[in-house]
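**Student:** heads up, no residue letters with this:
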């Protein structure tokens with residue numbers, strides 16, 4: 001029996017987070033991040049992240065996330081830290097910049113300069129981020145994979 005071909009996973013289109021209330025979630029994330037609202041309904045909101053998006057969906061009922069999290073890439077990690085602190089958000093212990101939103105979703109903030117993916121020049125230009133550069137470690141990781 002032959003093995004059927006497999007699709008290659010190439011990235012994320014979006015991440016969906018369950019929150020308690022859409023308006024409260026938009027207000028919370030709006031205190032921390034500059035974003036464009038792609039669209040919304042009574043029970044969902046969609047925040048543009050360049051060529052991807054974050055979906056906020058009402059109805060979270062489970063307890064706070066511990067290890068489960070997602071890494072949100074930002075242009076300026078120091079600015080994100082300052083905005084979190086100014087908003088009174090408790091940062092989680094550890095070597096990363098992690099926090100939980102009011103509904104228990106755990107988010108890790110990662111700087112664009114230190115990640116293994118690259119936005120196309122067109123996406124960076126459209127976001128007003130054409131000036132962003134990778135650090136040497138990220139450049140080496142991309143080169144090792146033939147993605148420089």
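**Tutor:** Great, that's in hand. Nothing here was measured: the structure is a model prediction, and the numbers come from that model.
**Student:** For the protein, just list every one of the helices.
**Tutor:** Secondary structure of the chain (DSSP state H): helices at 22-32, 77-86, 121-126, 136-144.
**Student:** which of the ones you listed sits most buried?
**Tutor:** Neighbour counts (mean count of other Cβ atoms under 10 Å) averaged over each of those peak at helix 22-32, with a mean of 16. Placement of C-beta: from N, CA and C, glycine included.
**Student:** other SSEs contacting it?
**Tutor:** Counting by 3 or more Cβ pairs under 8 Å, 6 or more residues apart in numbering; DSSP states H and E, the packing neighbours recorded for helix 22-32 are strand 36-40, strand 44-49, strand 52-58, helix 77-86.
**Student:** I'd like those as a markdown table, with mean pLDDT appended.
**Tutor:** Output for the helices and strands packed on helix 22-32, formatted as a markdown table (pLDDT from 0 to 100):
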| stretch | mean pLDDT |
| --- | --- |
| strand 36-40 | 94 |
| strand 44-49 | 94 |
| strand 52-58 | 95 |
| helix 77-86 | 96 |
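**Student:** The ones you listed: which one's closest to residue 69?
**Tutor:** Distances from residue 69 to each of the helices and strands packed on helix 22-32 were compared using Cβ to Cβ; the minimum, 13.5 Å, belongs to strand 52-58.
**Student:** Just want the angle from the closest one to helix 22-32.
**Tutor:** Strand 52-58 and helix 22-32 meet at an angle of 140 degrees, taking axes from the mean of the first three to the mean of the last three Cα atoms, to 10 degrees as the criterion.
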